[in-house]
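Undergrad: Here's my sequence, what's the structure:
(2 chains)
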Amino acid sequence: MPSDPQAADSGSPAPTPTPADSSPQRGTLWPLLASELSVLFRRRRTAAMLATLAAVPVLIAVAVRLTRSTTPGRGPAFLDRITENGLFVVLTALVLCTPLFLPLTVGVTSGDTVAGEAGQGTLRYLLVAPAGRFRLLLVKYVGAAVFAVAATASVIVAGTVAGLLLFPVGQVPLLSGDVVSPWVAEGRILLVGAYVCVSLLGLSAIGLFISTLTDVPVGAMAATVALAIAAQVLDALPQLAWLHPWLFSHYWLGFADLLRQPIEWGSFGSNALLQLGYLAVFGAFAYGRFATKDVLS
Amino acid sequence: MSSRWLRWMPAAAMPVVVAAVVLAGPLQATAPVSLPAKTPEQVMALVAGSKVQALSGTVAETVDLGLPQLPAMGAGASSDSPSGAAMDQLLGLLTSPQTVRVYLDGATNQRVQLMNTLAEQDVVRHGNSVWTYNSATNTATSLTLPTTAPAPYATTPKLPGYVGPDTLPLASKAPMVPTPDSPVATPAQLAATILSNLDPSTDVSTGPSLSVAGRDAYQLLLTPRTSATLVGEVRIAVDAATGLPLSVSVQAKGSDGVALSVAFTSIDLTAPPASTFLFTPPPGATVTQMAVPARTSPLKTLPATPAGPQLPADPTTSGTGWATIVATPAGSVQASLLDSAALAQLLQDVPGGRVLETSLFTALVTTDGRLFVGAVPLAALQAAAASQ
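TA: Residues are numbered from 1 along each chain as shown, chains lettered A, B, ... in the order given. Just a heads-up that it's a prediction; the model follows:
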């Protein structure tokens, strides 16, 4: 078989397609990233997803404000604290969003990255630019990761604002029973936000890989979201305890460790390592697939 | 073609790299530790002479008693009655792994944090005042210990009514009356209890040295001489530098797996900040004042600690050493205690009553409300029940 004509598209014909050898042409990376981000965030779909995420804490806050009766131990964690302290709106919303809504939106965005361009027939034009497939993939992944950060930020900002407007804010009790000032608590909440963002990196990488497999973006999105749900189902089965530490969703709710006194950093580290592993493996898979893919549309 | 394969290289290499990193970790942990040889007696003297007064560390407790694990999902499945809920919590301790952070400073400053998903249970002792706090229910309990209470061994914070596998047989660690939210025991507590109850029925030897929580440790192996017990072997890792027990694991007879393990995963022997032991219930928490139960009065709920220091007069024992069976009189097990939905899944109906059978211990509740508990097979309990 003659050498793959599409390989010439990559613009980096060097035989070692490692990240390092792309650095001399860094100049082309930032414009590409800027255009990717502007396309991503100007999409109505992205705005709708961010608005939906922002609506979750607002709905929680309004519902609790209207009913005013919560029993400790019922409903999602932290729900019963909201009436005493508005900052718990954010935490309740994150408990609700982390298993479902955030993976859903991240799955949609990351599943769309490559498959969306292929489905629209714009992928070949992107590859005509002298950016190279690795760099295009990198930009696509960074775009998905930035969306994950924006999604988490959307929940946190909306939750903080709703909590501040509807409920009193005072000394915030941590899980250990110790009390910290609202500013320290807001710092902890930002740490929790960072944890949640890191948690979504692995799923984004999986979505990117699935996205390179198909030209049908809806398929890639559905597969990514389904994987996120399947991982959590597996995580709930005690018979599969040996598998649990390897599931990318295993540490998702571990952000509560940042709300203890003193902070328990163990789960943050484990989670970051795990997500890094998923990022490395599925990023490499995605590169292998994308760099050898025959782009016909 | 070659460049095409080359582009798949990272995809092929990356799982290998990840696997290598993953495998390298355990290999390092199991690297042999060389320590000057010591006899079992010397290691036990090392434990007895341990002067560790302050530490902060994380303790991992794993259990594999052959009980069905209750699914992690379905938080609404817990029992409604308080005693049923307490029993559910106890069964949670018996069937699922726990992570506990322990802070000690001197004999009377202790803090234990049982870390659950999105929740935490704390027991804080500062001098004679003890607080417990449960973040899931946002409840706090205050308790003042009598000043005459004997000062506990520095590394064995024996809080009143704590729930934990602190003694063997591990049977029936029911929630004692005072503090329903108490966490589990530390390796040091467990080891001290076990070693203080040693008698000639146990063969003591040393095993290969090992590394626990990054510290070199001697290993004590305790093997029951009798064949009547379910306990196969107890292993205690003793810190070579300080004599502090770092891990305790129990194997059931005829099994290679560890049935119960309590081990430090990290430990720091410097004193924790004093603020760790100062607890004020957070605003909004439901605070309950609790009276200290008089030591002489029988506990209201059962089963009681077998061979424990707070043992009420009621239970009787039969058998010796590892094969001891603890029995309580008729009517001592309240029917409400068995209401727990989770417990119902674990109990089996046998001739003469209902039984909780695990790989390490057996508990038999007879139809007339007597309770028999021991680290022995079911047949031994049934024989004891029939003979009384």
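Undergrad: make it CA atoms for all contacts and neighbour counts henceforth
TA: OK.
Undergrad: Could you pick out the residues of chain B near chain A for me?
TA: B:1-4, B:6-12, B:14-15, B:18, B:69-73, B:76, B:113, B:117-122, B:133-138, B:279-284 (Cα under 8 Å from any Cα of the partner chain).
Undergrad: Narrow these to those in helices?
TA: B:S2, B:S3, B:R4, B:L6, B:R7, B:M9, B:P10, B:A11, B:A12, B:M14, B:P15, B:V18 (DSSP state H).
Undergrad: List just the nearest of these to A:A63.
TA: B:V18 (45.7 Å; Cα to Cα).
Undergrad: Tell me who's in contact with that closest one.
TA: A:G277, A:V281 (Cα atoms under 8 Å, 6 or more residues apart in numbering or on different chains).
Undergrad: I'd like to know how far it sits from A:L276.
TA: Distance of B:V18 to A:L276, computed by Cα to Cα, to the nearest Å: 10 Å.
Undergrad: repeat for B:S255
TA: B:S255 is 37 Å from A:L276, by Cα to Cα.
Undergrad: ok, whichever residue of the stretch 251-388 of chain B sits closest to chain A - contacts?
TA: When distances are taken as Cα to the nearest Cα, the stretch 251-388 of chain B reaches nearest to chain A at B:P282, 5.6 Å away. Shown in contact with B:P282 (Cα under 8 Å, 6+ apart): A:P173, A:G177, A:D178, A:V179.
Undergrad: what's the first one sitting at in phi/psi?
TA: Dihedral angles of A:P173 (phi, psi; degrees, to the nearest 10) stand at phi -80, psi 130.
Undergrad: what's the neighbour count on it?
TA: Per other Cα atoms under 10 Å in any protein chain shown, the neighbour tally for A:P173 reads 26.
Undergrad: Neighbour count: B:S255 and A:L276, which is higher?
TA: Applying other Cα under 10 Å to B:S255 and A:L276 shows that A:L276 carries more neighbours, namely 19 against 12.
Undergrad: which residues of the stretch 201-350 of chain B fall in helices?
TA: Secondary structure of the stretch 201-350 of chain B (DSSP state H, counting those that start in this stretch): helices located at B:341-346.
Undergrad: pLDDT weak spots in it?
TA: Within the stretch 201-350 of chain B, the ranges that satisfy pLDDT under 70 run B:292-314, B:334-340, B:342.
Undergrad: that's a strand at B:L356, yeah?
TA: Yes - assessed by DSSP: H, G, I helix; E, B strand; the rest coil, B:L356 belongs to a strand.
Undergrad: Identify the residues contacting it.
TA: Contacts of B:L356 by Cα under 8 Å, 6+ apart are B:L346, B:L347, B:Q348, B:T362, B:A363, B:L364.
Undergrad: One more pass at 10 Å, please.
TA: B:67, B:171-172, B:343-349, B:362-365, B:373, B:378 (Cα atoms under 10 Å, 6 or more residues apart in numbering or on different chains).
Undergrad: just A:R42 next, same as before
TA: Residues near A:R42 by Cα under 10 Å, 6+ apart: A:E36.
Undergrad: Any stretches of the stretch 51-200 of chain A with poor pLDDT?
TA: Residue ranges of the stretch 51-200 of chain A with pLDDT under 70: A:68-73, A:130.
Undergrad: what are the ranges of the helices in it?
TA: A:88-96, A:102-120, A:123-128, A:133-166, A:182-213.
Undergrad: Any idea which of those gets closest to chain B?
TA: Shortest distance between chain B and those, using Cα to the nearest Cα, is found for helix A:88-96: 8.6 Å.
Undergrad: quick one: the closest one to helix A:133-166, angle?
TA: Using axes from the mean of the first three to the mean of the last three Cα atoms, to 10 degrees, the inter-axis angle of helix A:88-96 relative to helix A:133-166 is 140 degrees.
Undergrad: Is helix A:88-96 in proximity to chain B?
TA: Yes - Helix A:88-96 reaches chain B (Cα under 10 Å from any Cα of the partner chain) through A:V95.
Undergrad: Taking helix A:182-213 as reference, get the angle to that helix.
TA: Here the directions of helix A:88-96 and helix A:182-213 differ by 30 degrees (the same axes, to 10 degrees).
Undergrad: then helix A:88-96 to PDB, C-alphas only?
TA: What follows is helix A:88-96, C-alpha atoms only, in PDB (Å, rounded to 0.1, in the frame of the first residue of the first chain):
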ATOM      1  CA  PHE A  88     -24.800  25.300  50.800                       C
ATOM      2  CA  VAL A  89     -26.900  26.000  47.700                       C
ATOM      3  CA  VAL A  90     -23.700  25.500  45.600                       C
ATOM      4  CA  LEU A  91     -22.700  22.300  47.400                       C
ATOM      5  CA  THR A  92     -26.200  20.800  47.000                       C
ATOM      6  CA  ALA A  93     -26.200  21.700  43.400                       C
ATOM      7  CA  LEU A  94     -22.800  20.200  42.800                       C
ATOM      8  CA  VAL A  95     -23.900  17.000  44.500                       C
ATOM      9  CA  LEU A  96     -26.800  16.800  42.100                       C
END
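Undergrad: So which elements touch that helix?
TA: helix A:44-67, helix A:133-166, helix A:182-213 (3 or more Cα pairs under 10 Å, 6 or more residues apart in numbering or on different chains; DSSP states H and E).
Undergrad: mind putting these in a markdown table, mean neighbour count included?
TA: Formatted as a markdown table, the helices and strands packed on helix A:88-96 follow (neighbours: other Cα atoms under 10 Å in any protein chain shown):
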| stretch | mean neighbour count |
| --- | --- |
| helix A:44-67 | 18 |
| helix A:133-166 | 22 |
| helix A:182-213 | 23 |
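Undergrad: Among those helices, which comes closest to B:G331?
TA: Closest approach to B:G331 among these is made by helix A:44-67 (45.5 Å; Cα to Cα).
Undergrad: for residue 284, what are its contacts?
TA: Since you didn't name a chain, this refers to chain A. So A:A284 contacts A:18, A:205, A:209, A:278, A:290, B:7-15 (Cα under 10 Å, 6+ apart).
Undergrad: Please refer instead to chain B.
TA: With contact set as Cα under 10 Å, 6+ apart, B:G284 has these partners: A:R81, A:T83, A:E84, A:N85, A:P173, B:N138, B:T139.
Undergrad: Skipping its backbone neighbours, what lies nearest the second one in space?
TA: Read it as A:T83. Distances taken as Cα to Cα, 6 or more residues apart in numbering or on different chains place A:F167 nearest to A:T83, at 6.2 Å, with adjacent residues excluded.
Undergrad: same thing with the last one?
TA: Excluding its sequence neighbours, the residue lying closest to B:T139 (Cα to Cα, 6+ apart) is B:T286, at 4.6 Å.
Undergrad: who touches that neighbour in this structure?
TA: Residues counted as contacts of B:T286 (Cα under 10 Å, 6+ apart) are A:P72, B:Y133, B:N134, B:T137, B:N138, B:T139, B:A140, B:T141.
Undergrad: quick one: least confident of these?
TA: pLDDT is lowest at A:P72 among these; the value there is 66.
Undergrad: Kindly present the helices and strands packed on helix A:88-96 as TSV, with separate columns for distance to chain B.
TA: Below are the helices and strands packed on helix A:88-96 laid out as TSV (distance: least, Cα to the nearest Cα, whole Å):
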stretch	distance to chain B
helix A:44-67	16
helix A:133-166	10
helix A:182-213	11
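Undergrad: B:T320: which of the ones you listed is closest?
TA: helix A:182-213 (53.3 Å).
Undergrad: how far out from the middle of the chain is the closest one?
TA: Taking Cα atoms, centre = their mean, to the nearest Å, the mean C-alpha location of helix A:182-213 is offset from the chain mean by 5 Å.
Undergrad: which SSE is A:F285 in?
TA: According to DSSP states H and E, A:F285 maps onto helix A:266-291.
Undergrad: Quick check: the farthest pair among the contacts of B:T286?
TA: So, the contacts of B:T286 by Cα to Cα: farthest apart are A:P72 and B:T141, at 15.6 Å.
Undergrad: Can I get the buried part of the residues of chain B next to chain A as one ChimeraX selection?
TA: To isolate the buried ones among those in ChimeraX, judged by 16 or more other Cα atoms under 10 Å in any protein chain shown, type:
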select /B:3,4,6,7,8,9,10,11,14,15,18,69,70,113,118,119,120,121,122,133,134,135,136,137,138,279,281,282,283
